[in-house]
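sequence isn't available, so here's the structure alone:
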């Protein structure tokens, strides 16, 4: 399962920096949006594939055992990452817009430090 702890420190920093300036340079905003898309869509597709795999029954004679289970898990991870890159914007773009609006409104209220510290604290607990 994709989690906040699987994001790199630069991706977490770019997510935290979304609300720290009035208008971000285009490259930083794309980096934050890419990190958000990878997390949101990657989690969705990973859970969808996990549910799909749990619905199928293992064959009696041609199942590869634990090695096949590990391989399928890695394959599902790769497939979910590819789907997130190619088709994840349908899920993540509306959520990212709401996220940036909340960050900007928190900045206007002066509570951005609290939001940023909560995000950092949540990421450190997941590690």
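Arrived safely, thanks for sending. Computed from a predicted model, the values in this text were never measured in an experiment. Numbers count the residues shown, from 1 in each chain.

from here on, just use CA atoms for contacts and neighbour counts.
Will do.

pLDDT on the helix or strand containing residue 53, on average?
Using DSSP states H and E, residue 53 maps to helix 26-55. Mean per-residue pLDDT for helix 26-55: 81.

would you mark the buried spots in that helix?
Buried residues in helix 26-55, defined by neighbour count with 16 or more other CA atoms under 10 Å: 28-29, 31-47, 49-50.

element containing residue 60, please.
Counting by DSSP H and E, residue 60 is part of no helix or strand.

and it, its phi and psi?
Main-chain torsions, residue 60, degrees, to the nearest 10: phi -70, psi -40.

residue numbering should commence at 58 henceforth.
From this message on, residue numbering opens at 58, which makes the last subject residue 117.

OK, contacts around it?
Under the criterion of CA atoms under 8 Å, 6 or more residues apart in numbering, residue 117 has no neighbours.

measure residue 144 to residue 150 for me?
11 Å (CA to CA, to the nearest Å).

what about those two, which has more around it?
Comparing residue 144 with residue 150 by other CA atoms under 10 Å, the one with more neighbours is residue 150, at 17 against 14.

isn't that one right next to residue 92, touching?
No - between residue 150 and residue 92 there is no contact under CA atoms under 8 Å: 11.4 Å.

return the residues in contact with the residue lying closest to residue 102 once chain neighbours are set aside.
Spatial nearest neighbour of residue 102, excluding adjacent residues (CA to CA, 6 or more residues apart in numbering): residue 137 at 5.1 Å. For residue 137, the contact set (CA under 8 Å, 6+ apart) comprises 99, 100, 102, 103, 106.
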